[in-house]
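*Asks:* make a model of this:
(chains A and B)
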Amino acid sequence: MKVNKIWLTIALISLILAGLSLVGFRVYNSRTEGIEDVGITTGGQNSCLAYDEETGIMYVGTHDNMLFAFKGDKELFRVTAGGSFSELVIRREQDLLYCGNEDGNVYAYSLSDGELKKTITVNRRIVGIDISPDGTRVAVGANTGSSKANILVYSTEDGSEIYNNKATVTVAGVKYCKDGETLISINKRGEIDLLRENGEKVGVYKTNYSALQLVRNGDMYWTVCKDGSYYGFDESLNILRTGKVSNPMSAVIASIGADEENGHVVVGSNEGFFFIMNAHDREVYTGDIDSHITAIRGVGRTVIMTGLADIIKQVHVDNLEDINGNIRKTGIFRISLIVFAIVFLCSMVMTFEWSRKKTLRFLKTVWRCRMAYIMLAPTLILIWLFNYRGIATAFIRAFTNWSKTNTTLAQIDFVGLDNFKRMVTEGYFLIGIRNMVLITVTGIIKVLTMPILVAWLVYNIRGNRRKYLHRFLFVLPIVVPGVIGAMTWQKIYDPSIGLLNEVLGAMHLDSLKRVWLGDAKTAIWAVIFMGFPFVQAMAFLVYYGGLINIGKDVEESAMIDGARKRDLFWRIQLPLIRPQLSIMITLHIIGTIQDFNGIFILTGGGPGTATYVPALELYLNVAQFGRYGYACALGVVLFIFTMGATLISNRLTRERG
Amino acid sequence: MSGKISRKKLREFRFQSVIEIIMLCIMFFAFVPVLVMLIMSFKSNWEIYNDFFALPRNIAWNNYIAAFGKLKVSMLNTLFVVASAVALTLVVAALSGYVFATMKFPGKNLFFMLIMALMMIPGILYLAPNYSLIQSYGLYNTRWALILPWVSGGQVLGIILCRNAIEGVPKDLFEAAKIEGCGELQSLFWIAVPLAKPMLSTIAVMKLVDYYNDFIWPMMVIESNTKQVITVAVKVFTSSVGSTEIGAMFAGYVIATIPLFILFMFTSRLYMEGMTAGAVKG
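*Replies:* Numbers count the residues shown, from 1 in each chain, chains lettered A, B, ... in the order given. The predicted structure is shown next:
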């Protein structure tokens, strides 16, 4: 075997480069993770958040007076209080979760099971709480009315009030310093105060706008003001970090948080916009989660945000700093991987003489036929881009958690048969199957009766002009677009001004009147009845063509033998147009399984789920729920159904012949 | 003898009358939705509610004025988009049909199989991937998001029909042209296309009807009203006026039907033959 060394070297080099590209691809691909849904829903308006890194439990308080604890996406417990939760503080040493609640109490729950251990009555609207480092006292920022505020200190042992410091400016948050004696508080006048527990002021830093939220993150405290400026400072009120978000959309600033190393800072707004500032206080990213952001907590190199729209998102702040660059680099590495892989394969082919000769001969043929490929190119490119790429994706991603929020390759994970299991457990699909079978079977009956009858009638008319006229008239209704036809039928079924009920009324059959589409019992039959008298133009024309193809001589010889028209139809014509019947059934099955236009317009799947079909379920999952992976799985199942039904119908129509 | 003939004639006459009556009945029912649409579109709300079955007393043209005002933009847009898509479909179908009919090259069967297979694969299988692919191609909410997928799917039947039509052309014709120095493209446009003209017009009519009827896909990928197609626009129009201006709503339905009606008046034979041919040969 002859080996060409130059080609071999090229092959090896490109193999190495392909390997490097793969590494680069994987590195940058993992950095394309931006905003992830944590997969937790409370069903309420989330107001505050705490995360216990040791146990991995996330605590979420809501404005609907509920407190939830989740581990992963599993709910551990939920408790209800009298008002909305304003701040949560975890005390591992005491195994307690302190919760400030707007009903005027500080509750302390057991971290693991949510058992209520203590209640400290404050009798004021609590906006912020903190626990002293030794766990013996709780500081509470509370407001009564718009100009009366208190910073109070209570004993956690017996709930008794130790200090009550009155203020005239609304407090927005309070935090303990490490010494357990000094407090930091912020207020609506934009002052960051440093005070003793007894209220003695020892320091102040004045910002220009009212301060909105105070969080402690490791050794640093963060606060954000109404104008979008933020301050990161230490216990002596030394401003270590400051900056201002650009806020071109004039969003109403609401919340602040930083990652655990106090590197990236995130400022959230009422509208759901958030701004990420890097360690040098340069704004690096602006995002939108479509929900009033109420709390931002750092977890490792990411932050977790929650908002009123029942949204909890994990934001990879460091990735987002250059997310577009990362995506671009991922793309470049992917392309170079493909290029080098191709170069490697080609040069491997060229390395060995036998394969080189064969390939060159093949390429020569291809080159000679280049015109054919050039002329085919538009077709091939189109079907690749708009058909086969989608088909391949559907089969692969049917087994993944691909969704509106999991879009990048790094976020899409294989989940095995979960999507297929969901079809059974969620139930909509099973309801849909029942309806689909009903519609398909009645549809086959429709396609095998009226069109044949009409084709036979038209075939038997005397005179070519009359024949053509009738054929024309029977096909004419096809000019009504399907969607328009369905909308008209919807009006025919209308309970108050619908033709059907009006006719029944005119015939004095008022007892038969129905809300046809609104009644779960009649809705599916109304859908099936749509299109009466079912003279489907295509089937009619195909059968008619079939009848003409049989030829007059067969017919005449049968007539001479004394056959009647009826016998002629059953014994000769019907068996001879079996191929046409078979084609129409096949086309019909493919059509019905994937069609949901009629149902979409008539009922939208309702009432309830009475007229659901799997195709509609698939559409809703794409267009409304954004569960693409599940939609792909539904598509795969429908594809299998189509294939199966087609094979069976072909087998049946063939065997009878 | 004569009596026998006349009895046979009589029987035939009776048979013809019976089937005519049956056909008229079926036809009547088949046209009920069309009649509902037409009659209602000329009635005012008051007439619809109070005298449902009566023919319109004063023809309510303002129903049509109202509906046309709302629908004209999408109607023009639809005609433009559908026409472009049909033109493109014809070009690619003619090109590929010609290649499959007259040329030999490695991979011919594979490619043809791939194209044929699309007829059996339900489009809904890849609805979700295509929805996201359209976005990644940057075509979302552009007219290309309609045209290109339509052409891609619509060319399949076109290619098959074109191939059949061009295969019917005697091979000698193409060989003679080649000897005269005609390239492939020249012989396609000077020999194949003129001879396959009837088939091309059939494809054009059928695809026009197909594209015009599309509803779900445009609803998913088009957001702007100015780029929306008529079927979706009518649905939106129905949702907005459906309970208050019933006559106008039906007028909208009629307006949406008119283009296909005009087309059908001129090309009914092509359309009817195309449907039959498409099903049998495909």
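*Asks:* give me the beta-bridge partners of residue A:221?
*Replies:* Applying DSSP bridges to residue A:221 gives these bridge partners: residue A:216, residue A:233.
*Asks:* how many residues are close by it?
*Replies:* Using other Cβ atoms under 10 Å in any protein chain shown, residue A:221 has 23 neighbouring residues. From N, CA and C alone the C-beta is placed, and that goes for glycine too.
*Asks:* what's the answer for residue A:27, then?
*Replies:* Residue A:27 has 13 neighbours, counted by other Cβ under 10 Å.
*Asks:* can you pull the phi/psi pair for it?
*Replies:* Main-chain torsions, residue A:27, degrees, to the nearest 10: phi -60, psi -50.
*Asks:* cool, and residue A:336?
*Replies:* phi -70, psi -30.
*Asks:* just give the closest residue to it, not the sequence neighbours.
*Replies:* Once flanking residues are discounted, residue A:336 sits nearest to residue A:21: 4.3 Å by Cβ to Cβ, 6 or more residues apart in numbering or on different chains.
*Asks:* in a strand, that's where the one you found is, yeah?
*Replies:* No: Residue A:21: not assigned to a strand; according to DSSP: H, G, I helix; E, B strand; the rest coil it is helix.
*Asks:* how is the chain carved up into domains?
*Replies:* If you meant another chain, say so; for now it's chain A. With automatic domain parsing as the criterion, the domains of chain A are listed as A:1-34+A:317-368, A:217-315, A:422-656.
*Asks:* hmm, I had chain B in mind actually
*Replies:* Under the assignment automatic domain parsing, the domains of chain B span B:2-41, B:71-281.
*Asks:* buried residues in the first one?
*Replies:* So that's domain B:2-41. Neighbour-count burial for domain B:2-41 flags B:19, B:23, B:26-27, B:30, B:32-34, B:36-41 (criterion: 16 or more other Cβ atoms under 10 Å in any protein chain shown).
*Asks:* now do that domain: distance to the chain's middle.
*Replies:* Put simply, domain B:2-41 sits 29 Å off its chain's centre (Cα atoms, centre = their mean, to the nearest Å).
*Asks:* again, but for the longest one
*Replies:* Chain-centre distance of domain B:71-281: 8 Å, with Cα atoms, centre = their mean.
*Asks:* same thing with stretch A:465-484?
*Replies:* Distance, stretch centre to chain centre, for stretch A:465-484: 43 Å (Cα atoms, centre = their mean).
*Asks:* buried sites along it?
*Replies:* Under the neighbour-count criterion of 16+ other Cβ under 10 Å, stretch A:465-484 has A:467, A:470-471, A:474-484 buried.
*Asks:* one more: stretch B:253-273?
*Replies:* Buried residues in stretch B:253-273, counted by 16+ other Cβ under 10 Å: B:253-257, B:259-260, B:263-264, B:267-268, B:270-273.
*Asks:* backbone dihedrals for residue A:121, please?
*Replies:* Backbone phi and psi, for residue A:121 under degrees, to the nearest 10, turn out to be phi -90, psi 120.
*Asks:* secondary structure class for the closest residue to residue A:87 other than its chain neighbours?
*Replies:* Setting aside the residues directly before and after it, residue A:87 is nearest to residue A:100 in space (Cβ to Cβ, 6+ apart), at 4.4 Å. Three-state assignment for residue A:100 (three-state DSSP): strand.
*Asks:* and the gap between residue A:100 and residue A:128?
*Replies:* Distance of residue A:100 to residue A:128, computed by Cβ to Cβ, to the nearest Å: 6 Å.
*Asks:* shared neighbours of these two, anything?
*Replies:* Contact with both residue A:100 and residue A:128 is made by residues A:86-87, A:140, according to Cβ atoms under 8 Å, 6 or more residues apart in numbering or on different chains.
*Asks:* mind putting these in JSON lines, neighbour count, secondary structure and pLDDT included?
*Replies:* Formatted as JSON lines, these follow (neighbours: other Cβ atoms under 10 Å in any protein chain shown; DSSP: H, G, I helix; E, B strand; the rest coil; pLDDT from 0 to 100):
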{"residue": "A:86", "neighbour count": "23", "secondary structure": "strand", "pLDDT": "89"}
{"residue": "A:87", "neighbour count": "27", "secondary structure": "strand", "pLDDT": "90"}
{"residue": "A:140", "neighbour count": "26", "secondary structure": "strand", "pLDDT": "91"}
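*Asks:* low-confidence regions, the chain specifically.
*Replies:* In the absence of a named chain, chain A is used. Along chain A, segments meeting pLDDT under 70 span A:1, A:410, A:654-657.
*Asks:* right idea, wrong chain: chain B
*Replies:* B:1-5, B:242, B:276-282.
*Asks:* can you list the domains of chain A in a markdown table and add distance to residue A:160?
*Replies:* A markdown table is the format used below for the domains of chain A (distance: least, Cβ to Cβ, whole Å):
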| stretch | distance to residue A:160 |
| --- | --- |
| domain A:1-34+A:317-368 | 42 |
| domain A:217-315 | 27 |
| domain A:422-656 | 52 |
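*Asks:* out of the ones you listed, which comes closest to residue A:194?
*Replies:* Comparison of the domains of chain A against residue A:194 by Cβ to Cβ identifies domain A:217-315 as nearest, at 5.5 Å.
*Asks:* and that closest one, end to end?
*Replies:* Start-to-end span of domain A:217-315 (Cα to Cα, to the nearest Å) is 17 Å.
*Asks:* kindly report the same for stretch A:454-469.
*Replies:* First-to-last residue span, stretch A:454-469, Cα to Cα: 13 Å.
*Asks:* give me the phi and psi for residue A:89.
*Replies:* Residue A:89 adopts backbone torsions of phi -130, psi 130, taken as degrees, to the nearest 10.
*Asks:* look up how far residue A:595 lies from it.
*Replies:* Separation of residue A:89 from residue A:595 (Cβ to Cβ): 57 Å.
*Asks:* by contact count, what packs against the helix or strand where residue B:21 lies?
*Replies:* Here residue B:21 sits within helix B:2-41, counting by DSSP states H and E. Where contact means 3 or more Cβ pairs under 8 Å, 6 or more residues apart in numbering or on different chains; DSSP states H and E, helix B:2-41 is packed against helix A:428-460, helix A:464-475, helix A:482-492, helix B:246-281.
*Asks:* so which residue is dead centre in the chain?
*Replies:* Looking at chain A here, since you left the chain open. Residue closest to the average C-alpha location in chain A (Cα atoms, centre = their mean): residue A:626, at 2.7 Å.
*Asks:* sorry, I should have been clearer: chain B.
*Replies:* What sits nearest the mean C-alpha location of chain B, by Cα atoms, centre = their mean, is residue B:209, with 1.0 Å.
*Asks:* not counting sequence-adjacent ones, nearest residue to it?
*Replies:* Ranked by Cβ to Cβ, 6+ apart and with sequence neighbours excluded, the top spatial neighbour of residue B:209 is residue B:260, at 6.3 Å.
*Asks:* who are the neighbours in contact with the one you found?
*Replies:* So residue B:260 contacts A:478-481, B:209, B:212 (Cβ under 8 Å, 6+ apart).
*Asks:* switch the cut-off to 7 Å
*Replies:* For residue B:260, the contact set (Cβ atoms under 7 Å, 6 or more residues apart in numbering or on different chains) comprises A:479, A:481, B:209, B:212.
*Asks:* out of the domains of chain A, which gets nearest to residue A:118?
*Replies:* Once the domains of chain A are compared by Cβ to Cβ, domain A:217-315 is nearest, at 23.0 Å.
*Asks:* how far away from the center of its chain is the closest one?
*Replies:* From the chain centre to the centre of domain A:217-315 is a distance of 26 Å (Cα atoms, centre = their mean).
*Asks:* ditto for stretch A:111-122
*Replies:* Its chain's C-alpha centre and that of stretch A:111-122 lie 37 Å apart, by Cα atoms, centre = their mean.
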